[in-house]
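Asker: with the input below, show me the fold.
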Amino acid sequence: MSATNLNARDLFRSAYENRYTWDQEFPGYSADVIFKDNDRIFSGQVRVNEDMSTEVFNIDDPEASSQVKSQLWETSIHRVRRSFEDVHGENTFRYGDTDETGAVEILMGGKSEGDRYKLRNNEVCHVHRHIHGVVVTIDTFSSHQTEDGYLSHRYDSIYHDPKTGELKKAKTYFEDNYEKVGNYYILTSRVITGEENGETITKEFGFSNIKLLQPAMV
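Answerer: Coordinates of the predicted model:
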């Protein structure tokens, strides 16, 4: 779909509804996890429940356990299926610029005044949002295609102060991979690279032996 025959709201809605999400019958899943934090390695088990709550087992290091739990929650919460009207019903939409890659800018008004997005090939490839007192900017460079929508593959994020523009968190790079288990695509690996205190950091989360907690209803 192109911006030439759709208004900004419809174009954004099409991309929003093209995201891959889990349906209402998602049963949750369990998996083994290996977490590599630079030169430290932790292993254990995880569970994502049908209500999207997350649990980590047999990782005794509290910080490592918390990091695994945080990534599971962050990933799973993006799989929640919420209607366009529930999320964006109070927003207005208008076109901004089109960049050299053909990505179309969508400027938000209403409840999300000041937020902006870029759309390309019916996918959201740029996000600039005010969240919890900071501005997060996310650029997506590649995606996985499924029969039920797309999943981000390679992307980065950076955080700024909304008033001063001060950098709050340095740019971080992500690479995610997925596997279809039953009727659901589940995260199998996430690699995060960035800088902390001037040093390069790498965090790798690997998930295997993935099992749905109960058969999904057809």
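
Asker: residue boundaries of the strands in this structure?
Answerer: For the chain, applying DSSP state E gives strands covering 28-37, 40-49, 54-57, 91-98, 104-110, 116-120, 123-131, 134-146, 149-160, 167-181, 184-196, 199-212.

Asker: can you list those strands in a markdown table and add mean pLDDT?
Answerer: Shown next, in a markdown table, are the strands of the chain (pLDDT from 0 to 100):
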| stretch | mean pLDDT |
| --- | --- |
| strand 28-37 | 97 |
| strand 40-49 | 97 |
| strand 54-57 | 96 |
| strand 91-98 | 95 |
| strand 104-110 | 95 |
| strand 116-120 | 97 |
| strand 123-131 | 95 |
| strand 134-146 | 96 |
| strand 149-160 | 96 |
| strand 167-181 | 93 |
| strand 184-196 | 95 |
| strand 199-212 | 96 |
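
Asker: and these: which comes nearest Phe84?
Answerer: strand 91-98 (9.9 Å; CB to CB). (Glycine included, C-beta is placed from N, CA and C.)

Asker: buried residues, that closest one. List them.
Answerer: Judged by neighbour count using 16 or more other CB atoms under 10 Å, the buried positions of strand 91-98 are 91, 93.

Asker: list the strands paired with that strand, with their directions.
Answerer: strand 104-110 (antiparallel) (DSSP bridges).

Asker: show residues contacting the partner strand.
Answerer: Under the criterion CB atoms under 8 Å, 6 or more residues apart in numbering, residues 3, 8, 11-12, 90-99, 114-120, 126 lie in contact with strand 104-110.

Asker: hang on, the earlier thing: can you add distance to Glu17 and give the strands of the chain back as JSON lines?
Answerer: Listed next are these as JSON lines, based on distance: least, CB to CB, whole Å:
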{"stretch": "strand 28-37", "distance to Glu17": "24"}
{"stretch": "strand 40-49", "distance to Glu17": "23"}
{"stretch": "strand 54-57", "distance to Glu17": "26"}
{"stretch": "strand 91-98", "distance to Glu17": "14"}
{"stretch": "strand 104-110", "distance to Glu17": "14"}
{"stretch": "strand 116-120", "distance to Glu17": "12"}
{"stretch": "strand 123-131", "distance to Glu17": "11"}
{"stretch": "strand 134-146", "distance to Glu17": "14"}
{"stretch": "strand 149-160", "distance to Glu17": "8"}
{"stretch": "strand 167-181", "distance to Glu17": "19"}
{"stretch": "strand 184-196", "distance to Glu17": "17"}
{"stretch": "strand 199-212", "distance to Glu17": "25"}
